[in-house]
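K.L.:
can you look at this prediction? I've put the sequence above it.
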Amino acid sequence: MTAPYLELRGVGQSFGKYTAVAGIDLSVTRGEFVTLIGHSGCGKSTLLNLIAGLGKPTAGSIELDGKPISGPGADRGMVFQNHSLLPWLSVYANVYEAVDAVFPGRRPQEKQVKRDRVERLLRVVGLWEHRDKRPGELSGGMRQRTAVARAFAIVPRVLLLDEPFGALDALTRTSLQDELINLWSFDQATETVLMVTHDIDEAIYLSDRIVVMTNGPRATVREVVQVPLARPRERHAMLHTAAYADLKEHLLELLAERAVVGAA
Ligand SMILES: Nc1ncnc2c1ncn2[C@@H]1O[C@H](COP(=O)(O)OP(=O)(O)OP(=O)(O)O)[C@@H](O)[C@H]1O
Ligand SMILES: [Mg+2]
């Protein structure tokens, strides 16, 4: 058995008297692609923020590679749900700044490698022509694509994505999903991905395992579902397999069940 890489043990987070999540146990092995799904407000962003090191859980522990997470680090790249960018910098500078912070090389050839990387990613997300605009001059989807380019550009070992494609049209979303799979499969550095999504098809297409959460308060892991589809996956072929249909039905049942429990 492979040793766990990211390990959450009994993780809980309270905000004052409100306990958002409780008793979260989750082991992710190095190289896994895991998605988190659950109803709005159940605590998905809370969990991802804790793994990013933006706060300490009020209960339990989180370890990465055997060490407790004590703050943000370049080993983890995060795309926030509100796709936060530096408002005074252009699209290009927002992405370059992130790369520069992680790869501090100052020699001309090192700078060129960074510029090439930024250009490639801005082209991938379709923003090369808009690279001189500031965040305030962008549409919501463009801001989101800039945030995605930033996180991809720093080639973190663990990529934490909080609904990174939520505001995008279906076509852009599909191509960024494929880019994400490429990054994860072929880029040596980015080994492990933890992603929040509301889109069940996206979760199935991308992940090895899907973590379904219960509703809050005291939201916890309802079930961890293995995705039994071989890789590389072919999007359209996948949609016609029995394994896909069964899995989708199971996930929808889990989510519907919780809606009833939450309403009670
Ligand atoms: N800083 C905070 N202070 C107080 N309560 C908070 C804070 N952050 C989150 N919460 C509460 O914790 C719960 C979980 O919030 P969280 O943002 O993690 O949900 P989510 O699953 O990401 O939802 P969504 O799918 O809508 O993004 C909510 O009830 C929310 O109000
Ligand atoms: Mg959220």
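P.N.:
Nice, thanks for sending it over. Ligands and ions are numbered 1, 2, ... in the order given.
K.L.:
burial count for the spatially closest residue to residue 192 that is not a sequence neighbour?
P.N.:
The spatially closest residue to residue 192, leaving aside those adjacent along the chain, is residue 158, at 4.8 Å (Cβ to Cβ, 6 or more residues apart in numbering). From N, CA and C alone the C-beta is placed, and that goes for glycine too. Applying other Cβ atoms under 10 Å, we find 22 other residues in the vicinity of residue 158.
K.L.:
partner residues bridging residue 158?
P.N.:
With beta bridges defined as DSSP bridges, residue 158 has these partners: residue 76, residue 192.
K.L.:
surely it meets residue 75?
P.N.:
Yes - judged on Cβ atoms under 8 Å, residue 158 makes contact with residue 75 at a distance of 6.2 Å.
K.L.:
give me the pLDDT for the residue nearest to residue 192.
P.N.:
At residue 158 the predicted local confidence, pLDDT, stands at 92.
K.L.:
quick one: buried residues of stretch 172-182?
P.N.:
Within stretch 172-182, the residues that qualify as buried by neighbour count (16 or more other Cβ atoms under 10 Å) are 172, 173, 176, 177, 179, 180, 181.
K.L.:
ditto for stretch 13-20
P.N.:
For stretch 13-20, burial by neighbour count (16+ other Cβ under 10 Å) applies to 13, 19, 20.
K.L.:
same deal with stretch 201-220?
P.N.:
202-216, 219-220.
K.L.:
okay, and which of these map to helices?
P.N.:
Taking DSSP state H as the definition of helices, the buried residues of stretch 201-220 contribute 202, 203, 204, 205, 206.
K.L.:
common neighbours of residue 158 and residue 75, please.
P.N.:
Common neighbours of residue 158 and residue 75 (criterion: Cβ atoms under 8 Å, 6 or more residues apart in numbering): residue 64.
K.L.:
check contacts around the residue of the stretch 1-150 of the chain found nearest ligand 2.
P.N.:
Ranking the residues of the stretch 1-150 of the chain by distance to ligand 2 (Cβ to the ion) places residue 45 first, at 3.2 Å. The neighbourhood of residue 45, defined by Cβ under 8 Å, 6+ apart, consists of 81, 162, 196.
K.L.:
next helix or strand past the helix or strand it falls within?
P.N.:
Here residue 45, judged by DSSP states H and E, is contained in helix 44-52. Remark: after helix 44-52, the chain's next helix or strand is strand 59-64, criterion DSSP H and E.
K.L.:
mind giving me the packing neighbours of that following strand?
P.N.:
If you count contacts as 3 or more Cβ pairs under 8 Å, 6 or more residues apart in numbering; DSSP states H and E, strand 59-64 packs onto strand 4-15, strand 18-29, helix 44-52.
K.L.:
low pLDDT regions in the stretch 51-200 of the chain?
P.N.:
Counting by pLDDT under 70, the ranges of the stretch 51-200 of the chain that qualify are 187-188.
K.L.:
and it, which residues reach ligand 2?
P.N.:
When proximity is defined by Cβ under 5 Å from the ion, the stretch 51-200 of the chain lies next to ligand 2 at residue 81.
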